[in-house]
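1. This is a predicted model, with the sequence first.
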Amino acid sequence: NSKEQDEDGIGEGLDQRSIKFNVAWNLWREVAECGVFLIPYMLGDSARSIPVSAVIGTAVGVASGFGTHWASNNLNDKFWLAFFLCNLTGWMS
């Protein structure tokens, strides 16, 4: 258990269980948010524009995922790794 307790006895830091919960919760939240925004459009007449944006969004997500994976495995200099990941995150935002 990697949580350290402060002087009040409150656990600080992240352990494996809390990381798994945070990742699962954020994935669920993002999927639910997409559903809340997209389902009304899918039920209406403007559903034609959704498949194009979904394909483009998927392509950008996969490309950025491969870029992140490539950079973390191939860039040995941590400065250029941090620069690449910050640049990628900036473009994605």
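-> Yep, that arrived.
2. biggest helix in the chain by residues?
-> Looking across the chain with DSSP state H, the single longest helix is helix 16-43.
3. Can you tell me which helices and strands that one packs against?
-> Packing partners of helix 16-43 (3 or more CB pairs under 8 Å, 6 or more residues apart in numbering; DSSP states H and E): helix 49-74. (Glycine included, C-beta is placed from N, CA and C.)
4. which strands and helices sit next to the helix it packs on?
-> Helices and strands touching helix 49-74, by 3+ CB pairs under 8 Å, 6+ apart, are helix 16-43, helix 78-92.
5. before we move on, back to that, just the angle between the longest helix of the chain and helix 49-74, please?
-> In terms of direction (axes from the mean of the first three to the mean of the last three CA atoms, to 10 degrees), helix 16-43 departs from helix 49-74 by 150 degrees.
6. Helix 16-43: how far from the chain's middle?
-> Centroid separation for helix 16-43 versus its chain: 11 Å, with CA atoms, centre = their mean, to the nearest Å.
7. tell me the average confidence for that helix?
-> The pLDDT scores in helix 16-43 average 81.
8. Stretch 56-63 now?
-> Over the span of stretch 56-63, the pLDDT mean works out to 85.
9. hmm, who's touching that stretch?
-> With contact meaning CB atoms under 8 Å, 6 or more residues apart in numbering, stretch 56-63 is reached by residue 92.
10. and residue 81, how many neighbours?
-> Residue 81 is flanked by 16 other residues according to other CB atoms under 10 Å.
11. Find the nearest non-adjacent residue to it, please.
-> residue 75 (4.2 Å; CB to CB, 6 or more residues apart in numbering).
12. Can you list phi and psi of residue 15 for me?
-> Dihedral pair for residue 15: phi -110, psi 180, per degrees, to the nearest 10.
13. circling back to that earlier point, and the helices and strands packed on helix 49-74 as a markdown table, adding distance to residue 57?
-> Listed next are these as a markdown table, based on distance: least, CB to CB, whole Å:
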| stretch | distance to residue 57 |
| --- | --- |
| helix 16-43 | 10 |
| helix 78-92 | 11 |
